[in-house]
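>>> Got a sequence here, can you build the structure:
(4 chains)
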There are 2 protein chains.
Amino acid sequence: MKLSTKGRYGVKAMFDLAQHMGEGPTSLKSIAERQGISEHYLEQLVSGLRKAGLVKSVRGAQGGYLLGREPGKIKIGDIIRVLEGPIAPADCVSEENPDCCAKADYCVTRTIWEKVRDSIVEVLDSITLESMLEDAKKREADSSLYMYYI
Amino acid sequence: MKLSTKGRYGVKAMFDLAQHMGEGPTSLKSIAERQGISEHYLEQLVSGLRKAGLVKSVRGAQGGYLLGREPGKIKIGDIIRVLEGPIAPADCVSEENPDCCAKADYCVTRTIWEKVRDSIVEVLDSITLESMLEDAKKREADSSLYMYYI
DNA sequence: CTTATATCATATTAAATCAGTCGGGATTTG
DNA sequence: CAAATCCCGACTGATTTAATATGATATAAG
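Just a heads-up that it's a prediction; the model follows:
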């Protein structure tokens, strides 16, 4: 019931890109350093994100990556689906081409996994990089407020 | 983001036990046959469930397993926790002793995993073996009703 | 008392996945 | 040209998964 580092690193990297929008392309090296991730490993993950159009790349010196579209239009679910595959606690309730067993119609167990899947999808598709940025800004404001009162 | 067969087989087996309550102990062999699971493998899983008190065993010929308590008091989350460990999409938000990273307080990514975890827990702890039995009964009624009208 | 039926326990294993690492190309800037 | 950077495929050690194998222990039935 765990995400692999692929999904977690991927979200971190995408959020990092969102935080550095408007500063030109961001290199993997700088993302890897800030987020504490192996650069070569990150390379593999970002390769998938690029093929899915979630990021755009700029080659050569001073190159790097940019978000593929506005942060408000990139859902966490999009990132997870690219890096971890279709969201599903079991193959028989996979978002795409569920590997149906013969009993699917009346299987009581299956309906549990459907509910779990839907609740996960609901969370992951309700959060965008933009909403994360807002969240981070709010937190920063709160913590500086806190600083004044201490 | 997937459950392993441990969790899925475990829920199936527990539901099978619930369906055969009042018929004396149910043998692993019969559960394994009905549910299409390797008996020896199931043995390992049930061993964990027994240690956790979710099932009781009766040794010897005509022996088998019984639910450890009323089906209304066995949540799917209980079963999953025994067989898959604490519910958590990432270690930093594990239900028990979360493996906290230094940035936990202000990590925006972490709050996503918290929300995912909470939504999964909400689903898994809201379903009991009893509610599954009711669900199955209702379905049966519906399908027989359908039979009359066709 | 013996035998068949079960649970209980431990060890082994083949395959897959994870989380990287390594080495070398291709492309662009200065 | 040199340095920075993305791009690509192959390799690897560790862990997990999903079993299988073997044998011991307990009990009901005959």
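>>> In three-state terms, how would residue A:62 be classified?
Following DSSP: H, G, I helix; E, B strand; the rest coil, residue A:62 is assigned to coil.
>>> do stretch A:12-20 and chain B meet at all?
Yes. Against chain B, stretch A:12-20 shows contacts by Cβ under 8 Å from any Cβ of the partner chain at A:12, A:15. Placement of C-beta: from N, CA and C, glycine included.
>>> any idea of the mean pLDDT for that stretch?
Rounded to a whole number, the mean pLDDT of stretch A:12-20 is 98.
>>> do the same with stretch A:37-55
98.
>>> Flag every residue of chain A that's near DNA strand D.
A:25-29, A:40, A:43-44, A:46-47, A:50, A:57-65 (Cβ under 7 Å from any atom of the strand).
>>> Now, of those, which are buried?
A:25, A:26, A:27, A:28, A:46, A:64, A:65 (16 or more other Cβ atoms under 10 Å in any protein chain shown).
>>> hmm, back to that, strands - which of the residues of chain A next to DNA strand D land there?
A:57, A:58, A:64, A:65 (DSSP state E).
>>> mind listing what the nearest residue to the third one once chain neighbours are set aside touches?
Once its chain neighbours are removed from consideration, residue A:64 has its nearest residue in residue A:25; the separation is 3.2 Å (Cβ to Cβ, 6 or more residues apart in numbering or on different chains). Contacts of residue A:25 were listed using Cβ atoms under 8 Å, 6 or more residues apart in numbering or on different chains, and they are A:57, A:58, A:62, A:63, A:64, A:65, A:66.
>>> and which of the residues you listed is nearest to residue B:10?
residue A:65 (42.4 Å; Cβ to Cβ).
>>> Write down the beta-bridge partners of the residue nearest to the closest one when sequence neighbours are not counted, one by one.
Distances taken as Cβ to Cβ, 6+ apart place residue A:55 nearest to residue A:65, at 4.7 Å, with adjacent residues excluded. Per DSSP bridges, the residues bridged to residue A:55 are residue A:67.
>>> Report how many residues lie close to residue A:55.
24 (other Cβ atoms under 10 Å in any protein chain shown).
>>> Report the contact partners of residue A:91.
By Cβ under 8 Å, 6+ apart, the contact set of residue A:91 is A:98, A:99, B:2.
>>> And the helices in chain A?
A:5-19, A:28-35, A:39-51, A:76-84, A:108-124, A:129-149 (DSSP state H).
>>> okay if I get these as TSV plus distance to DNA strand C?
Compiled in TSV, those are given as follows (distance: least, Cβ to the nearest atom of the strand, whole Å):
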stretch	distance to DNA strand C
helix A:5-19	4
helix A:28-35	9
helix A:39-51	4
helix A:76-84	7
helix A:108-124	16
helix A:129-149	22
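>>> Distance to residue B:16 for those - can I get that in TSV?
Shown next, in TSV, are the helices of chain A (distance: least, Cβ to Cβ, whole Å):
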stretch	distance to residue B:16
helix A:5-19	33
helix A:28-35	46
helix A:39-51	40
helix A:76-84	31
helix A:108-124	10
helix A:129-149	43
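>>> which among the contacts of residue A:25 gets closest to DNA strand C?
Among the contacts of residue A:25, residue A:62 lies closest to DNA strand C (Cβ to the nearest atom of the strand), at 4.6 Å.
>>> which ones are touching the closest one?
A:24, A:25.
>>> Would you check how far apart it and residue B:1 are?
Per Cβ to Cβ, to the nearest Å, residue A:62 is found 36 Å from residue B:1.
>>> Right, and chain B sits closest to which residue of chain A?
residue A:119 (4.1 Å; Cβ to the nearest Cβ).
>>> how deep is that residue tucked in, by neighbour count?
20.
>>> Just give the number of residues close to residue A:11.
Neighbours of residue A:11 (other Cβ under 10 Å): 23.
>>> Can you list the low-confidence ranges for chain A?
A:146-150 (pLDDT under 70).
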